[in-house]
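Engineer: fold the following for me, if possible:
(one chain, ligands or ions: 1)
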Amino acid sequence: MTKMNSEVVAGLRAALRGPVLEPGDPDYDAARTIWNAMIERRPALIARCTGTADVLAAVGFARQHGLPLAVRGGGHNIAGNALCDDGLVIDLSDMRGVHVDPQACLAWVDGGALLSDVDHETQAFALAVPLGINSTTGVGGLTLGGGFGWLSRAYGLTVDSLVGAEIVTADGLRRHIGPRQEPDLFWAIRGGGGNFGVVTRFEFALHGVGPDVTAGLVVFPHAEGRDVLRRYRDLVDTLPNDVSIWAVLRKAPPLPFLPADVHGTGMVALAVFSPQPPAQVAPVVDEVRGFGTVLGEHVGAMPYTAWQKVFDPLLAPGARNYWKSHNFRHLSDEALDVVLRYAAAVPTPHCEIFLGLIGGRANEPAPDATAYPHRDIQFAMNVHGRWLDAADDERVTGWAREFFAAAAPHAAGSVYVNFLTQDEAARVREAYGANYDRLLQVKERYDPQNLFRFNHNIRPGG
Ligand code: FAD
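Structural biologist: Predicted structure coming up:
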């Protein structure tokens with residue numbers, strides 16, 4: 001990789017309030033490190049933007065010099081789309097401001113904020129945006145792909161709470177968009193990923209949540225998984241929208257409420273969540289307990305912000321990760337048998353298979369109401385291949401791929417764009433579904449040269 005002409009770089013530095021990093025700079029390696037340690041890329045320049053003016057200058061610079069351009073939000077994307085080789089990275093990780101108006105129930109969130117930033121500010125007023133389940137994820141990438149988590153059944157997807165945004169588009173303009181301002185572009189960013197520009201600020205409607213919620217885990221042995229998962233699958237059809245239960249299959253981590261002899265053995269954990277108080281959720285928790293032999297449980301009232309961080313230790317940055325994902329409208333007995341078979345054969349103790357329950361209010365909007373199209377999906381299933389040693393690359397990715405193939409005949413044939421990995425360009429149409437053609441039209445209008453292409457890309461002319 002050649003270094004860029006120093007005069008040209010000096011021009012970019014002069015135009016920005018934030019620093020511009022090059023290979024060899026002390027902060028360069030840290031700035032090109034993202035959540036998935038499998039991704040190793042060396043940008044020519046990393047512009048650590050501090051606000052819209054910096055983003056405008058950086059977008060203009062990339063265009064003027066014909067540089068590949070990537071945009072980094074929280075840096076969590078499994079495919080590594082936050083980084084590019086040899087080009088310019090617009091790094092938003094210093095843009096994490098969140099401002100809440102509790103009377104209007106609105107939040108203004110900067111493009112590089114993390115989920116924990118939003119939860120912290122909104123929970124000061126017992127308000128929340130429905131976000132994901134790992135607090136170090138970026139709001140930017142999560143929202144642009146759709147966004148689901150514990151609150152989605154009660155309040156819809158993250159994009160369903162998005163009421164406006166400020167975006168810098170490929171033509172170098174800053175636009176304020178919403179249902180009445182450039183509605184096509186506003187439609188496209190609610191599920192069409194980072195294809196359309198750099199979102200410098202998101203505007204969310206807030207919902208009353210917490211500060212305490214009811215949440216926790218009920219853990220069963222893998223050996224009883226067949227019954228547990230079937231009863232779980234049947235129960236979720238009857239759940240009210242304000243209760244969510246996800247299933248996680250893995251080797252039991254050393255959780256304090258599990259006996260020591262359970263640690264490291266195969267488990268099926270059901271993670272229960274509701275914004276309601278414990279007494280209201282008790283009948284559901286009782287029913288869950290009856291699914292099998294409870295190895296340990298910890299369910300009760302806890303601060304919403306604490307529950308949002310519960311899975312962080314299992315999803316810490318720095319490990320090698322390879323994911324494969326399917327959507328399901330319904331989990332057949334055969335699908336559950338495949339899940340159990342592969343969960344019994346996890347190649348490392350860090351690997352897991354999870355069934356994320358969506359449905360509820362997330363499925364109320366029409367499939368074309370926003371660019372996120374999968375309004376008929378009840379579960380997003382993800383296999384997390386996760387390991388520490390590069391020598392295990394083939395073994396773990398092989399397990400994930402085999403599982404994916406075995407589960408495919410039972411799945412819906414669609415996928416959540418934010419769970420696509422780097423070798424899945426062929427699944428981009430599955431991810432955007434019936435909304436692909438309209439997304440392509442918007443892309444051709446706002447980014448005909450495909451300046452924003454380090455994402456699950458909608459190719460102009462494609
Ligand atoms: P980045 O890698 O920084 O960006 C991802 C993509 O979005 C890139 O193409 C980037 O260019 C673009 N982008 C980011 N910010 C902006 C912006 N402001 N303007 C324009 N483009 C931008 N998803 C869920 O819905 N629910 C979950 O519960 C959930 N849990 C997860 C847990 C873990 C551990 C991980 C790794 C991911 C999880 N995800 C979840 C998936 C997550 O939504 C995606 O990985 C998402 O892309 C992360 O966004 P980011 O900003 O952190 O990523």
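Engineer: and the longest helix anywhere in the chain, average pLDDT?
Structural biologist: Ranked by residue count, the top helix of the chain under DSSP state H comes out as helix 393-407. Mean pLDDT, helix 393-407: 97.
Engineer: now stretch 195-204
Structural biologist: Rounded mean pLDDT across stretch 195-204 is 98.
Engineer: quick one: low-confidence ranges for this protein?
Structural biologist: 1-3 (pLDDT under 70).
Engineer: just give the closest residue to the spatially most central residue of it, not the sequence neighbours.
Structural biologist: Nearest to the geometric centre of the chain sits Leu142, at 4.3 Å (C-alpha atoms, centre = their mean). Closest residue to Leu142 apart from its sequence neighbours, by C-beta to C-beta, 6 or more residues apart in numbering: Gly132 at 5.3 Å. From N, CA and C alone the C-beta is placed, and that goes for glycine too.
Engineer: tell me, how many residues neighbour the one you found?
Structural biologist: 26 (other C-beta atoms under 10 Å).
Engineer: hmm, it is touching Gly147, no?
Structural biologist: Yes: counting by C-beta atoms under 8 Å, Gly147 is a contact partner of Gly132 at 6.4 Å.
Engineer: what about the helices in the stretch 201-350 of the chain?
Structural biologist: For the stretch 201-350 of the chain, the helices defined by DSSP state H, counting those that start in this stretch occupy 225-236, 278-289, 304-307, 333-343.
Engineer: the stretch 51-200 of the chain too?
Structural biologist: So, for the stretch 51-200 of the chain - with DSSP H, counting those that start in this stretch - the helices run 52-64, 115-123, 139-145, 152-155, 183-189.
Engineer: ok, now how distant is Asp447 from Ala82?
Structural biologist: 18 Å (C-beta to C-beta, to the nearest Å).
Engineer: let me redo that: Phe257
Structural biologist: 36 Å.
Engineer: okay, the two: which has more neighbours?
Structural biologist: More crowded of Phe257 and Ala82, by other C-beta under 10 Å: Ala82, with 31 against 13.
Engineer: neighbours of the residue nearest to the more buried one when sequence neighbours are not counted, how many?
Structural biologist: Spatial nearest neighbour of Ala82, chain neighbours left out: Arg72 (3.8 Å); criterion: C-beta to C-beta, 6+ apart. Using other C-beta under 10 Å, Arg72 has 31 other residues around it.
Engineer: in this structure Arg72 contacts Leu83, no?
Structural biologist: Yes: under the criterion of C-beta under 8 Å, Arg72 makes contact with Leu83 at 6.9 Å.
Engineer: any shared contact partners between these two?
Structural biologist: Taking C-beta atoms under 8 Å, 6 or more residues apart in numbering as the contact rule, Arg72 and Leu83 both touch 34, 89.
Engineer: give me the neighbour count for Val213.
Structural biologist: 24.
Engineer: and what of the one 3 residues further on?
Structural biologist: By the other C-beta under 10 Å criterion, the neighbourhood of Gly216 contains 21 residues.
Engineer: for the nearest residue to it once chain neighbours are set aside, list the residues it contacts.
Structural biologist: Spatially, and ignoring its direct neighbours in sequence, Gly216 is nearest to Val299 (3.2 Å; C-beta to C-beta, 6+ apart). Contact analysis of Val299 by C-beta under 8 Å, 6+ apart lists 214-218, 272, 278, 285.
Engineer: in three-state terms, label Arg427 for me.
Structural biologist: In terms of secondary structure, Arg427 is helix; the call rests on DSSP: H, G, I helix; E, B strand; the rest coil.
Engineer: shouldn't Val55 be in contact with Thr200?
Structural biologist: Yes: using C-beta under 8 Å, Val55 is in contact with Thr200, at 5.5 Å.
Engineer: now for those two: what residues contact both?
Structural biologist: The contact lists of Val55 and Thr200 share 92, 111, 168, where a contact means C-beta under 8 Å, 6+ apart.
Engineer: near the ligand, which residues of the chain? Just list them.
Structural biologist: 35, 70-78, 81-82, 92, 111, 132-134, 137-138, 140-142, 144-145, 147-149, 193-194, 198-199, 315, 418, 454-455 (C-beta under 6 Å from any ligand atom).
Engineer: the residues you listed, buried ones only, as a PyMOL selection?
Structural biologist: In PyMOL syntax, the buried subset of the residues of the chain next to the ligand is picked out as below (16 or more other C-beta atoms under 10 Å):
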select buried, resi 35+70+71+72+73+74+75+76+77+78+81+82+92+111+132+133+134+137+138+140+141+142+144+145+147+148+149+193+194+198+199+315+418+454+455
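Engineer: the residues of the chain next to the ligand in strands, which ones?
Structural biologist: Residues of those located in strands (DSSP state E): 70-72, 198-199.
Engineer: the longest helix of the chain packs against which elements?
Structural biologist: strand 320-328, helix 333-343, strand 379-387 (3 or more C-beta pairs under 8 Å, 6 or more residues apart in numbering; DSSP states H and E).
Engineer: any residues touching the second one, and which ones?
Structural biologist: Spelled out, it's helix 333-343. 222, 225-226, 229-230, 233, 249-250, 266, 268, 328, 352-353, 355, 381, 383, 399, 402-403, 406-407, 409-411.
Engineer: I figured Phe148 hits Leu357, correct?
Structural biologist: No: between Phe148 and Leu357 there is no contact under C-beta under 8 Å: 9.2 Å.
Engineer: in stretch 88-101, what's buried?
Structural biologist: Buried, per 16+ other C-beta under 10 Å, within stretch 88-101: 88-96, 98, 100.
Engineer: and the two most separated of the residues you listed?
Structural biologist: Leu88 and Val100 (32.4 Å; C-beta to C-beta).
Engineer: what about Arg438, how many neighbours?
Structural biologist: For Arg438, the neighbour count with other C-beta under 10 Å is 16.
Engineer: mind checking the SS state of it?
Structural biologist: Classified using three-state DSSP, Arg438 is helix.
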